[in-house]
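# Please work out how this folds:
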Amino acid sequence: MKVSTSDLAGPSASNDPVILAIASVAREAAQWRGLNAGDLDRRVADRLDAQGVAGVEAGAVTFLAALLAPAAAPDTEVGGDSTIRLSADELALVGTVALEAVENARRYASPPGRALKIWVKIERSEARVRLSVRDNGMGMIDLSPDPMRGRGLIAAVAERLNGFARLGAAHFGGAMVVLTFTPGAKEA
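Numbers count the residues shown, from 1 in each chain. The predicted model follows:
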């Protein structure tokens, strides 16, 4: 399933209250900096509980498309395996990484006059789920986590999901952020 976020912009965007509630938590979490994995998880769990959606599941592609739609520009495509369903806390954490990566691509990837394109994809490979956010921008060097920047937030999410993340150059140009984890294997 491939969806352009411009197709979802405006009032016709997902009206599913569960998806909208999880998306609001992901948007809030994308602003947090300097948290370790445990603190991040507790804050996400508290916000999901307050929204009344803790413990529910939803489709990952639909969630990501709805999450990215409010900031939609015709530059972003969301796609992947439409059968992937994740828990609310996993979706909120995955959404946090997607938002951070898309916002960074829009902020840093493209010089003036060059059209930016961003691809957000979620796929399953055996037991693992892989979120990738790639752009056609100038690229970036491979970076290590910095807890006070977006890289640290992405690293904390990966740790909390008992997975791993890679931020760096994409093959054939641009930048890529990849989050890989096994659903349900979240660190206790």
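# all contacts plus neighbour counts: C-alpha atoms, from now on.
OK.
# In three-state terms, label residue 55 for me.
With DSSP: H, G, I helix; E, B strand; the rest coil as the basis, residue 55 sits in coil.
# Report the contact partners of the nearest residue to residue 51 once chain neighbours are set aside.
Spatial nearest neighbour of residue 51, excluding adjacent residues (C-alpha to C-alpha, 6 or more residues apart in numbering): residue 21 at 6.1 Å. Shown in contact with residue 21 (C-alpha atoms under 8 Å, 6 or more residues apart in numbering): 48, 51, 53.
# quick one: buried residues of the helix or strand containing residue 21?
If you go by DSSP states H and E, residue 21 is part of helix 17-29. Across helix 17-29, burial judged by 16 or more other C-alpha atoms under 10 Å covers 18, 19, 20, 21, 22, 23, 24, 25, 26, 27, 29.
# ok, which stretches of this protein are helices?
5-8, 17-29, 37-51, 60-68, 88-104, 150-160 (DSSP state H).
# I'd guessed residue 127 sits against residue 182; true?
Yes. Contact criterion C-alpha atoms under 8 Å: residue 127 and residue 182 qualify, at 5.9 Å.
# returning to what we had before: how much space between the residue nearest to residue 51 and residue 102?
Per C-alpha to C-alpha, to the nearest Å, residue 21 is found 20 Å from residue 102.
# Find me the pLDDT at residue 8, would you?
On pLDDT, residue 8 comes in at 41.
# Using TSV, please lay out the contacts of residue 21 together with neighbour count.
What follows is these, written out as TSV (neighbours: other C-alpha atoms under 10 Å):
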residue	neighbour count
48	24
51	16
53	19
